[in-house]
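Peer 1: Need coordinates for the following:
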Amino acid sequence: MNRIVVIGSCNMDIVVLADKRPAAGKTIFIVGFDGTADADKAVKDGTLAATIAQQPDQMGKIAIDTAQKVIKGEAVEAKIPVDLKVVTK
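Peer 2: Have a look, this model is predicted:
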């Protein structure tokens, strides 16, 4: 039986609305996700507390390794996590 394996990703932004603003004097920390160059700059500038960076090189290697296992008929995990990197000042 011939198989076609599609390896990809789904990106989705989530926006959360608050019913009220934090009280005066509260410290707010904003953490982003994706570790883009703009996010890295914002962390260095202090306008973003941190960003969570994906590691596409690892994602690519794991995807290729997994695809090779599937092609060989080997069992693979249903979910394969990839480590993320926390970028802080």
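
Peer 1: list the contacts for the residue nearest the centre of the chain?
Peer 2: The centroid of the chain falls nearest to Gln54 when counting by CA atoms, centre = their mean (4.1 Å). Contacts for Gln54 were tallied using CB atoms under 8 Å, 6 or more residues apart in numbering; they are Asp34, Gly35, Val82, Leu84. Every residue, glycine included, has its C-beta placed from N, CA and C.

Peer 1: Number of residues surrounding Val76?
Peer 2: Val76: 13 surrounding residues under other CB atoms under 10 Å.

Peer 1: What ranges does this structure have for its helices?
Peer 2: Assigned by DSSP state H, the chain shows helices spanning 37-45, 56-71.

Peer 1: among these, where is the model least confident on average?
Peer 2: Among the helices of the chain, helix 37-45 carries the lowest mean pLDDT, a mean of 88.

Peer 1: circling back to that earlier point, and the residue nearest to the centre of the chain, what are its phi and psi?
Peer 2: phi -70, psi 160 (degrees, to the nearest 10).

Peer 1: circling back: now the helices of the chain as a markdown table including distance to Ala18 and mean neighbour count?
Peer 2: Formatted as a markdown table, the helices of the chain follow (distance: least, CB to CB, whole Å; neighbours: other CB atoms under 10 Å):
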| stretch | distance to Ala18 | mean neighbour count |
| --- | --- | --- |
| helix 37-45 | 21 | 13 |
| helix 56-71 | 32 | 13 |
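
Peer 1: and Thr88, which of the ones you listed is closest to it?
Peer 2: Of all these, it is helix 37-45 that lies closest to Thr88, at 6.5 Å by CB to CB.

Peer 1: The closest one - contacts with which helices or strands?
Peer 2: Here helix 37-45 touches strand 50-53, strand 85-88, going by 3 or more CB pairs under 8 Å, 6 or more residues apart in numbering; DSSP states H and E.
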